[in-house]
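*Asks:* From the sequence below, what's the structure:
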Amino acid sequence: MVKGTPVPVRLTLPDGQGTILADRNALLGTGTDEREDAWLAPPGTTEVTVWRDGSSTVIPL
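*Replies:* Here you go, the predicted structure:
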């Protein structure tokens, strides 16, 4: 966990299974598939959008 970063928790799963992203009180996803607090980015996802307090930030994976 790295506090103060756009996505404090980022865990790349083995064997190309995807990436787990977590940020409390944020909405994470790609714009068509979002989840609150945590999201499993499917394999091949190149960026994730984090929505917090009415603003969004795009994070490359």
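
*Asks:* C-alpha only now, for contacts and for neighbours.
*Replies:* OK.

*Asks:* Identify the residues contacting stretch 53-61?
*Replies:* With contacts defined as Cα atoms under 8 Å, 6 or more residues apart in numbering, stretch 53-61 is touched by 6, 45-51.

*Asks:* In strands, which of these fall?
*Replies:* Assigned to strands by DSSP state E, the following of the contacts of stretch 53-61 qualify: 47-51.

*Asks:* What I need now is those residues written out in TSV, including pLDDT and neighbour count for each item.
*Replies:* Output for the ones in strands among the contacts of stretch 53-61, formatted as TSV (pLDDT from 0 to 100; neighbours: other Cα atoms under 10 Å):
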residue	pLDDT	neighbour count
47	94	13
48	94	20
49	94	19
50	93	25
51	93	20
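
*Asks:* what about the spatially closest residue to residue 45 that is not a sequence neighbour, how many neighbours?
*Replies:* In space, residue 45 comes closest to residue 61 once its chain neighbours are excluded; the distance is 7.2 Å by Cα to Cα, 6 or more residues apart in numbering. A total of 12 residues lie near residue 61 under the criterion other Cα atoms under 10 Å.

*Asks:* What distance do you get for residue 61 to residue 46?
*Replies:* Distance, residue 61 to residue 46, using Cα to Cα, to the nearest Å: 5 Å.

*Asks:* isn't residue 36 right up against residue 27?
*Replies:* Yes. Contact status for residue 36 versus residue 27: in contact at 4.5 Å, counting by Cα atoms under 8 Å.

*Asks:* who's more crowded, those two?
*Replies:* It is residue 27, of residue 36 and residue 27, that has more neighbours when counted by other Cα under 10 Å, with 21 against 15.

*Asks:* Run through the residues that contact the more buried one.
*Replies:* 34-38, 50-52.

*Asks:* Let's have these in TSV, adding distance to residue 17.
*Replies:* As requested, these are exported to TSV (distance: Cα to Cα, whole Å):
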residue	distance to residue 17
34	18
35	18
36	20
37	20
38	16
50	21
51	24
52	26
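
*Asks:* Need the nearest residue in space to the residue nearest to the spatial centre of the chain, chain neighbours excluded.
*Replies:* Of all residues in the chain, the one closest to the mean position by Cα atoms, centre = their mean is residue 21, 4.0 Å from it. Here the nearest residue to residue 21 in space, its sequence neighbours aside, is residue 10; by Cα to Cα, 6+ apart that works out to 4.6 Å.
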